[in-house]
Structures are given as structure tokens and as C-alpha cells.
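> okay, here's the prediction I keep looking at, along with the sequence it came from:
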Amino acid sequence: MPFAVYSSDALSIAAPTSYAVVPKSCTKRGMSRSIHLKPHLSTDELGIRYRRTQDPVERSHWQFLWLLARGFTAKVIASITGYSAYWIGQIARCYNARGQTASKTSGGWHAHIDSC
């Protein structure tokens, strides 16, 4: 935030030296592609599975799917959860290919990622 610098001649505005100049190429960004889920389960059903699952890894995967179904992008979900957007996409791809059978209880998400 700019601050006022008072001098005897006039009032001038100066920016603090801690501001960095952001290149124009960094400010123009297109919209992220959103991942579309197949309707194997409704948004409410995904939320219920997310809340009821006891296993922490499986819970994270259901959280990804629930947030994707609610319209969040993988980048936003990655910033919320700490996982990578790539991995969130892989979980979504496996869910789209196998539905709810790709869950950890039926052999694991990891076991199905390579075959999706």
C-alpha cells in the first residue's frame, strides 16, 4: 500500500521498496480446465462418503471428488488439501473409469490408477 512522503515542497506518494514488479506475462492467465466427473454418485453422496470414511487416504480421495463435483478446479483443491493437481486428476480419471468400485476398500485407488 502506498504511503505519503512529506516534503517541504509538495506532497508526493512513493511506494515502499518491498514491492516487486510482477511481469505482465504472470498476470494474464487463462481459466483452468475443470475436471468433469461422471455421475456415478451425486454430489451429496460423495460428501457423505467423504465424511463417513475412516481411512485418511481414502477420505482425501473422496474429498477431491466431492470438491470437484461442487465445481472446484484441481489447482484450488491442491491448494486446500496439499496434494498435487496432477494426482487429483488421476483420482478423478480413475473414478470416471471405474466409479465407486475404484475406492480403497476394493483393492485401492493406487492399484487402479495404472489400469484406468
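Ah, there it is.
> where does this structure dip in pLDDT?
Within the chain, the set of residues satisfying pLDDT under 70 comprises 1-33, 104-116.
> could I get the full set of strands for it?
3-6, 11-14 (DSSP state E).
> Arg49 touches Phe64, doesn't it?
No - applying C-beta atoms under 8 Å as the test, Arg49 and Phe64 come out as separate, 11.4 Å apart. (Glycine included, C-beta is placed from N, CA and C.)
> which non-adjacent residue is nearest Gly47?
Distances taken as C-beta to C-beta, 6 or more residues apart in numbering put Trp66 closest to Gly47, at 4.9 Å, once the chain neighbours are dropped.
> and for the one you found, the neighbour number?
By the criterion of other C-beta atoms under 10 Å, Trp66 has 22 neighbours.
> Arg49 and Phe64: which is more packed in?
Taking other C-beta under 10 Å, Arg49 and Phe64 do not tie; Phe64 has more neighbours (29 against 19).
> for that one, give me its contacts.
By C-beta atoms under 8 Å, 6 or more residues apart in numbering, the residues touching Phe64 are Ile77, Thr81, Tyr83, Ile88, Ile91, Ala92.
> residues touching the residue nearest to Gly47, list them.
Counting by C-beta under 8 Å, 6+ apart, Trp66 makes contact with Thr43, Leu46, Gly47, Arg49, Tyr50.
> okay if I get those as JSON lines plus distance to Arg70?
What follows is those, written out as JSON lines (distance: C-beta to C-beta, whole Å):
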{"residue": "Thr43", "distance to Arg70": "6"}
{"residue": "Leu46", "distance to Arg70": "9"}
{"residue": "Gly47", "distance to Arg70": "8"}
{"residue": "Arg49", "distance to Arg70": "14"}
{"residue": "Tyr50", "distance to Arg70": "11"}
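> out of these, who's nearest Ser60?
Within those, proximity to Ser60 (C-beta to C-beta) peaks at Tyr50, which comes in at 8.8 Å.
> quick check: the closest one touching Glu58?
No - using C-beta under 8 Å, Tyr50 makes no contact with Glu58, being 9.3 Å away.
> about what we covered before: ok, the contacts of Phe64 vs Ile35, which is closest?
Ala92 (4.7 Å).
> against Gln54, how distant is the closest one?
Separation of Ala92 from Gln54 (C-beta to C-beta, to the nearest Å): 22 Å.
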